[in-house]
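S.K.: Starting from these lines, generate the structure:
(chains A and B)
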Amino acid sequence: MFLGQTLRLVQMYRTRVHLCVASADDGRYARYWFGIHAGITGPDVSKEVLREMRYSRFSITTVLLMVLLGGGLLYSGGSAETAQTDAAETKVKFPYFIVGAHTGAAEWGAQIQRFNEEYDGQYELIIEEVPGDQNYIEKLKVLYGADQLPAIYELKTDPEFTKRILDNGDFVDLKPFYDAEPEWRASFSDRELALSATEDGRIFGQPSGMTSYIGIYYNKELFAQAGIDAFPDTWSEFWDACDALKAEGINAIALHTTETGWCTNLMVSAYLGARGSEGYDFMRTLHPTDYTRPLLVDAFDMVQRLFQYAPPSAIGGTYPMAANDFYNGNAAMIPNGPWMIPQMRDPQTAGEGFGEKVGYALYPEDVAIGGPHVIIPKPLPTARWHLSPHYDDATTDAALAYLRFIARPEEILAWSLTINAIPTAVDLPDDYYDQLDPIAADLYELVANDMKTSVNGFQGVWDSVVMNEVVPQDMPQLALGQITPEEFARRMEEGALRFQRTQ
Amino acid sequence: MLKQNRIWIYVFLLPTVTVLGVLYLVPTATVFVTSFADWDNIGEPVFVGLSNYRELLTLDPAFFKALRNTGLNSLLAIFIHVPLGVFVALMVCRKPFGWRLARNFYILPNLISNAAWAIIYSFIFNPQIGLLNEILRSLHLIETPINWLFNSDSAYFAITLTWLFYAGFVTLITTGEILSFPEELRESARIDGATDRQIDLYIHLPMLRSIISTGLILATSSAILFFERIYFLTEGGPNNSTMTLPVIQFLNISRYRYGYANSIAVILILVGIGAIAIINRIFRIARD
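M.R.: Residues are numbered from 1 along each chain as shown, chains lettered A, B, ... in the order given. Got it, this is the predicted structure:
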């Protein structure tokens, strides 16, 4: 409605300008226009000019209104990402991505509602919906560039952005609050708090209070069709399974090369995790540059081979395309985290009963990605929720109240069940694993009994040039066999060095 | 014109000039100045001399490929895109049966957003279910599907196909111009025995010089600023084979390298000014 009024005013203003120019040929109107302002009227005023004069009064009113409304627009625009405080209630508006069709949207929305109900009259959280992780991060970067960092924000896995926020000190140190309220602090493990601490001992942000592992999903029906009884234990068996699936005309694995090549590079992470301390250490190095070492060339050779078992559209494909390949039975495996499970259970997304066909396994050689054992490279602390220090006390109090609220054991349990994760410090009810989706429970059982290594995911350590430029640019050529793994490794290294030079 | 009236014209032009200055001149000046700085758009720019330009010219593997693609795109726009648009306009203005329908269909793609086009083309070029591969296979021209967008041998060709033959805007402005010519001109030519082709060649085309020049400037500047479809379809890959300067600029902005991105912007501005100057020069020579 406001926009409509503004547009109408703009239209009227345009008409006015047109009339001004049209009557500028004899200067009468212009003299009048300014005469009005100066309080001057002349004796030679014709009726026509008087009519225009009335119109000009309207025009002046219109312009003034526009200025006022424009000011209002700027005011409201400026506060869109910030907080509004009034005497009765502090409102905090911030953008977030767990909305709309996101699998966690319902529970997260309910959590916000619970908070708003509990603090009714005191605080209110208002969410600006920004669907899609990447869109959210891009929006956050734009807001940050415009000096409008939201009062509450999440950084996801973007090491460069994180480093920038850290270097500029654009976060509220949570240490004094945790020290003052041991109950609040107790929702997080010592390890999580250590990981979220800066080198000088400040707490960069609030940890999630939970952890999860990233394994590999497989379609049991397609495996059975290819005569495979169980998920392969070794890489050798893995390739045998791929051959067996291919022989049946089944694409073995859903992959993609765009964005950061998420699914494909999870396979690289897992492959390196199975290659002893060299691979494990490589995945612990922040922004590694040595991509041409034989181990990495070997890993890229694995990628090239892997694409022979992927749907053709994987080359140049996106993550949603890869996920669809798995959901519709066009591929038998996909590497991803447990947050994908609700979509597999959703008949609208994956079809009725699809979830029953899905198994969740460790990668070959009993490797998992993520989990509480991996060492995040220092000096980059990691946490989930962060607060901006650029707000008044009332807004900061509201934001702190929210962090305190979501750290309650019951809230951590509710959220961890939603995303099939495991709380790190909160006591688990006896039937917690029974409450998890059976697909996730399968993986956690394997983690507990069989897992030999849990390795870092690539997104936490590789640099942005490698992930966002070299991978989408050059992985298609590697996959198509247009370049060798050695050449791909050389380009990765070149990208990593380019990143280093510009830091 | 009276001097007094001229003053009023300046007075009324002042708001427009002010807005243009604020929205274009100041940012352009900022771009130019910060192209010599290390700047993340958050802190203060740090003067680094020609460092950004040096990096661009010597270390960035994408730059010369982007420059080459920009040049190629401009040439294709000049020699194929605009002539095709003018040709369609000339044909449409002969008003054959169904000319209105044909004109509207030809202009239709211009009404679809670039992002939507990118999605449409991602399906057309899809190696698994894509329309193009299916047609070629049904004609027995290929046996195995081609990954048009991500094979470095075909990617540039595929991206070019997404824009080269859609000259609807050129057709639109040229048709408007032709229809504004007095009908008497054509009638007298016909009385003298001129054919449609001769009317096009010796009457329409010379009179269309200005509008063709405008079409060339618009098409060339679009080619120089070509971004959306490339970003959505290939992100400049594979191996920079579809890279353009705006895509490199965007990639660096997303890494907070605003100073470096602005050095690319300066080169874009220079390339654009150069291209427009050349086109203007050619058409002025033609007029002389």
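
S.K.: residue boundaries of the strands in the stretch 151-288 of chain B?
M.R.: Assigned strands in the stretch 151-288 of chain B: none (criterion: DSSP state E, counting those that start in this stretch).

S.K.: Chain A too?
M.R.: A:83-85, A:90-96, A:123-129, A:152-154, A:210-211, A:213-219, A:333-336, A:358-361, A:367-370, A:385-387, A:422-423, A:453-455 (DSSP state E).

S.K.: do the stretch 1-150 of chain B as well
M.R.: B:37-38, B:46-47.

S.K.: Tell me which residues are up against the last one.
M.R.: The set of residues that contact strand B:46-47 without belonging to it, under Cβ atoms under 8 Å, 6 or more residues apart in numbering or on different chains, is B:F36, B:A37, B:D38, B:W39. Just so you know, the C-beta spots here come from the backbone N, C-alpha and C atoms, and that holds for glycine as well.

S.K.: spatially speaking, which residue is in the middle of the chain?
M.R.: This is for chain A. Residue closest to the mean C-alpha point of chain A, counted by Cα atoms, centre = their mean, is A:D133 at 2.6 Å.

S.K.: hmm, I had chain B in mind actually
M.R.: B:S222 (1.8 Å).

S.K.: separation between it and chain A?
M.R.: Using Cβ to the nearest Cβ, to the nearest Å, one gets 24 Å for the distance from B:S222 to chain A.

S.K.: wait, doesn't that residue sit right on B:A77?
M.R.: Yes: with contact defined as Cβ atoms under 8 Å, B:S222 counts as touching B:A77 (7.1 Å).

S.K.: show me what contacts the residue nearest to the centre of chain B?
M.R.: B:A77.

S.K.: Might you list the low-confidence residue ranges for chain B?
M.R.: Chain B contains residues with pLDDT under 70 at B:1-2, B:285-288.

S.K.: try it again with 80
M.R.: Filtered on pLDDT under 80, chain B yields the residue ranges B:1-4, B:41-43, B:255, B:283-288.

S.K.: Give me every residue in it lying close to chain A.
M.R.: Within chain B, the positions adjacent to chain A are B:4-5, B:8-9, B:11-12, B:40-43, B:55, B:59-61, B:126-129, B:145, B:147, B:149-153, B:234-240, B:251, B:254-257, B:260 by Cβ under 8 Å from any Cβ of the partner chain.

S.K.: switch to 6 Å and redo it
M.R.: Chain B comes close to chain A at residues B:5, B:8, B:12, B:41, B:126-128, B:145, B:147, B:149-152, B:235, B:237-239, B:251, B:255, as judged by Cβ under 6 Å from any Cβ of the partner chain.

S.K.: Tell me which entries of these lie within helices.
M.R.: B:N5, B:W8, B:F12, B:L251 (DSSP state H).

S.K.: so which of the strands of the stretch 1-150 of chain B is the most packed in?
M.R.: Greatest average neighbour count among those goes to strand B:37-38 (a mean of 18), per mean count of other Cβ atoms under 10 Å in any protein chain shown.

S.K.: Now do it: distance to the chain's middle.
M.R.: 30 Å (Cα atoms, centre = their mean, to the nearest Å).

S.K.: do the same with stretch A:186-200
M.R.: Counting by Cα atoms, centre = their mean, stretch A:186-200 comes out at 22 Å from the chain centroid.

S.K.: Next, the distance between the ends of that stretch.
M.R.: End-to-end distance of stretch A:186-200 (Cα to Cα, to the nearest Å): 22 Å.

S.K.: same check, this time on stretch A:179-192
M.R.: End-to-end distance of stretch A:179-192: 15 Å, with Cα to Cα as the criterion.

S.K.: buried set for that stretch?
M.R.: Using 16 or more other Cβ atoms under 10 Å in any protein chain shown as the test for burial, stretch A:179-192 gives A:W184, A:R185, A:S187, A:F188, A:S189, A:R191, A:E192.

S.K.: Of the residues you listed, just say which sits nearest to chain B.
M.R.: A:E192 (28.0 Å; Cβ to the nearest Cβ).

S.K.: how about the residues of the stretch 201-350 of chain A near chain B?
M.R.: Residues of the stretch 201-350 of chain A lying near chain B (Cβ under 6 Å from any Cβ): A:P311, A:P312, A:S313, A:I315, A:G316.

S.K.: quick one on the thing from earlier: got CSV for the strands of chain A, with mean neighbour count and mean pLDDT too?
M.R.: Shown next, in CSV, are the strands of chain A (neighbours: other Cβ atoms under 10 Å in any protein chain shown; pLDDT from 0 to 100):
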stretch, mean neighbour count, mean pLDDT
strand A:83-85, 18, 48
strand A:90-96, 22, 93
strand A:123-129, 17, 94
strand A:152-154, 24, 94
strand A:210-211, 22, 89
strand A:213-219, 25, 95
strand A:333-336, 25, 96
strand A:358-361, 22, 95
strand A:367-370, 24, 92
strand A:385-387, 23, 95
strand A:422-423, 21, 91
strand A:453-455, 23, 91
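
S.K.: Include distance to B:C93 when you put those strands into a markdown table, please.
M.R.: Shown next, in a markdown table, are these (distance: least, Cβ to Cβ, whole Å):
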| stretch | distance to B:C93 |
| --- | --- |
| strand A:83-85 | 59 |
| strand A:90-96 | 51 |
| strand A:123-129 | 49 |
| strand A:152-154 | 58 |
| strand A:210-211 | 69 |
| strand A:213-219 | 59 |
| strand A:333-336 | 56 |
| strand A:358-361 | 62 |
| strand A:367-370 | 64 |
| strand A:385-387 | 62 |
| strand A:422-423 | 72 |
| strand A:453-455 | 67 |
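
S.K.: Compare these and give me the one nearest A:H287.
M.R.: Of all the strands of chain A, it is strand A:453-455 that lies closest to A:H287, at 16.8 Å by Cβ to Cβ.

S.K.: what helices or strands is that closest one leaning on?
M.R.: helix A:262-273, strand A:367-370 (3 or more Cβ pairs under 6 Å, 6 or more residues apart in numbering or on different chains; DSSP states H and E).

S.K.: before we move on, back to that, narrow the residues of chain B next to chain A to just the buried residues.
M.R.: For those, a burial check counting by 16+ other Cβ under 10 Å picks out B:8, B:41, B:126-128, B:145, B:147, B:149-152, B:235, B:237-239, B:251, B:255.

S.K.: Can you tell me how far the closest residue to chain A within the stretch 1-150 of chain B is from B:G215?
M.R.: Per Cβ to the nearest Cβ, B:F150 is where the stretch 1-150 of chain B lies closest to chain A, at 3.6 Å. Separation of B:F150 from B:G215 (Cβ to Cβ, to the nearest Å) stands at 33 Å.

S.K.: same check, this time on A:D392
M.R.: 55 Å.

S.K.: the more surrounded of these two?
M.R.: Neighbour count, other Cβ atoms under 10 Å in any protein chain shown: between A:D392 and B:G215, B:G215 has more, with 28 against 12.

S.K.: That one touches B:T171, doesn't it?
M.R.: No: between B:G215 and B:T171 there is no contact under Cβ atoms under 6 Å: 9.1 Å.

S.K.: so how far is B:D40 from B:L225?
M.R.: 24 Å.

S.K.: All the helices of the stretch 151-288 of chain B, residue numbers only.
M.R.: B:155-161, B:168-180, B:183-191, B:196-199, B:205-207, B:209-224, B:228-233, B:245-253, B:258-287 (DSSP state H, counting those that start in this stretch).
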